[in-house]
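test case, fold it:
(2 chains)
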Amino acid sequence: DTAVSQTPKYLVTQMGNDKSIKCEQNLGHDTMYWYKQDSKKFLKIMFSYNNKELIINETVPNRFSPKSPDKAHLNLHINSLELGDSAVYFCASSLRAPGETQYFGPGTRLLVL
Amino acid sequence: QKEVEQDPGPLSVPEGAIVSLNCTYSNSAFQYFMWYRQYSRKGPELLMYTYSSGNKEDGRFTAQVDKSSKYISLFIRDSQPSDSATYLCAMSGGTNAGKSTFGDGTTLTVKP
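Just a heads-up that it's a prediction; the model follows:
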């Protein structure tokens, strides 16, 4: 059973395109996150949702828009993709937000050409 | 200055060595301290979780937290080639409740 799953695993696209990444967790957790990991392995939080409500919105271009249809799903839509968006995007979940350990998905490797 | 600084590595050790991975932090409100292990092309997975100061042991792994010095460590005894991965420290608490702040990661290679 996959606890946190993401689709797609790989995404290669042209600059200017719009793309979405989907995430689902079957752990019954209340909180979900999106992280961006660059080539130097630095993991930076982008967004966090708790029970479908946005609770963390870091300094991220507004081309990135998260959407949580229910607490088991958190999707990430990216408009007008740029070269600098190339990275690995990880979805994660935790039981509750404060201080809770997080369970990560396998990542989506995005390459913008 | 970053809130969490992690020894950059990379680190290369022979099999059986004791490995010490370290992070320092500046936010005295941090209360929860975690170590994640990330294998190549995989997502991070939780390795150790500690609340406040003290030591925690799990098999070959020991996590230490010294809040007075704002310093945390992960020790790996009898290191194995399967321990080769990137190790990320993370912490949360205080005004950062609700999110974890990660270190940049230390890449460890254990040579057989």
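
how about the strands in chain A?
A:4-7, A:10-13, A:19-25, A:31-37, A:43-50, A:53-57, A:64-70, A:73-78, A:87-94, A:103-104, A:108-112 (DSSP state E).

by contact count, what packs against the shortest one?
So the one you mean is strand A:103-104. Judged by 3 or more C-beta pairs under 8 Å, 6 or more residues apart in numbering or on different chains; DSSP states H and E, strand A:103-104 is in contact with strand A:87-94, strand B:45-51. All C-beta atoms are positioned from the backbone trio N, CA, C, and that covers glycine.

between the first one and strand A:73-78, how many degrees?
If I follow you right, that is strand A:87-94. 160 degrees (axes from the mean of the first three to the mean of the last three C-alpha atoms, to 10 degrees).

give me the sheet partners of strand A:87-94 and which way each runs.
Strand pairing for strand A:87-94, using DSSP bridges, gives strand A:31-37 (antiparallel), strand A:103-104 (antiparallel), strand A:108-112 (antiparallel).

residue contacts, A:Pro8?
Residues counted as contacts of A:Pro8 (C-beta atoms under 8 Å, 6 or more residues apart in numbering or on different chains) are A:21, A:108.

got the residues of chain B near chain A?
Within chain B, the positions adjacent to chain A are B:31-32, B:34, B:36, B:38, B:41-46, B:49, B:51, B:86, B:88, B:92-93, B:97-100, B:102, B:104-105, B:107 by C-beta under 8 Å from any C-beta of the partner chain.

would you list the buried entries among the residues you listed?
Burial by neighbour count, judged by 16 or more other C-beta atoms under 10 Å in any protein chain shown, picks out B:31-32, B:34, B:36, B:38, B:43-44, B:49, B:86, B:88, B:92-93, B:98-100, B:102, B:104-105, B:107 from these.

quote the end-to-end distance of stretch A:93-105.
Terminal residues of stretch A:93-105 are spaced 9 Å apart (C-alpha to C-alpha, to the nearest Å).

that older thread, please work out which of the helices and strands packed on strand A:103-104 is packed deepest.
Stretch with highest mean neighbour count among these: strand A:87-94 (a mean of 24; mean count of other C-beta atoms under 10 Å in any protein chain shown).
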